[in-house]
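[1] For reference, the sequence and a predicted model appear below.
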Amino acid sequence: MRDDLGMSFGVGVWFLLGLFLIAAAMAQAVKTGRLGRDGLRAAGSVVRIEQSPDGRSLYSPVIAYTDETGAWREFTVGLKAFKPIHPVGARVPVRWIAGRPESASLSSVRHTVLMIGVPLIVGVACLAAGLWSMD
């Protein structure tokens, strides 16, 4: 009985994790699609790299761009990686909703793959692990 309960719990964890990651990837895909359809686009530049405040070796680029009013804006990319995805000085595409500079987002291919592709692949792998562990 206890083994069956443990196995069911394990299967449930794999499935929940897989569904969560797939849902996160889909939410990011919707946001990316909305910005692509309705957003403004500008060339931005990586002005510095910030390390995570807890001292771990996770890095996020800080992007500067000029919005539709000519104002200079900066934002820190939410994705933290073990090595910077773009070096300081790199020119990168930025998208945002007009009048909402806080909606600015890095729209490079690397960023999109990391934010959508990786969670989607890992989520599908988790679902497969859940199915496999049902045996």
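    Okay, I see it. Numbering: from 1, shown residues only.
[2] Every contact and neighbour count from this point should use C-alpha atoms.
    OK.
[3] ok, which stretches of the protein are helices?
    In the chain, helices defined by DSSP state H lie at 2-38, 109-112, 118-132, listed in chain order.
[4] closest to Tyr59 out of these?
    Nearest to Tyr59 among those is helix 109-112; the distance by C-alpha to C-alpha comes to 13.2 Å.
[5] for this protein, longest strand please?
    Taking DSSP state E as the assignment, the strand of the chain that covers the most residues is strand 40-51.
[6] Which other helices and strands does it contact?
    Where contact means 3 or more C-alpha pairs under 8 Å, 6 or more residues apart in numbering; DSSP states H and E, strand 40-51 is packed against strand 59-66, strand 91-97.
[7] Contacts for the first one next, please.
    By that I understand strand 59-66. Outside strand 59-66, the residues within contact range by C-alpha atoms under 8 Å, 6 or more residues apart in numbering are 42-52, 72-88, 94, 106.
[8] then it to PDB, C-alphas only?
    Listed in PDB are the C-alpha atoms of strand 59-66, where the atom choice follows Å, rounded to 0.1, in the frame of the first residue of the first chain:
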ATOM      1  CA  TYR A  59      23.700  37.300 -14.200                       C
ATOM      2  CA  SER A  60      21.100  39.600 -15.800                       C
ATOM      3  CA  PRO A  61      21.800  42.200 -18.500                       C
ATOM      4  CA  VAL A  62      20.600  45.700 -18.000                       C
ATOM      5  CA  ILE A  63      19.200  47.100 -21.200                       C
ATOM      6  CA  ALA A  64      19.000  50.800 -22.200                       C
ATOM      7  CA  TYR A  65      16.800  52.100 -25.000                       C
ATOM      8  CA  THR A  66      15.000  55.300 -26.000                       C
END
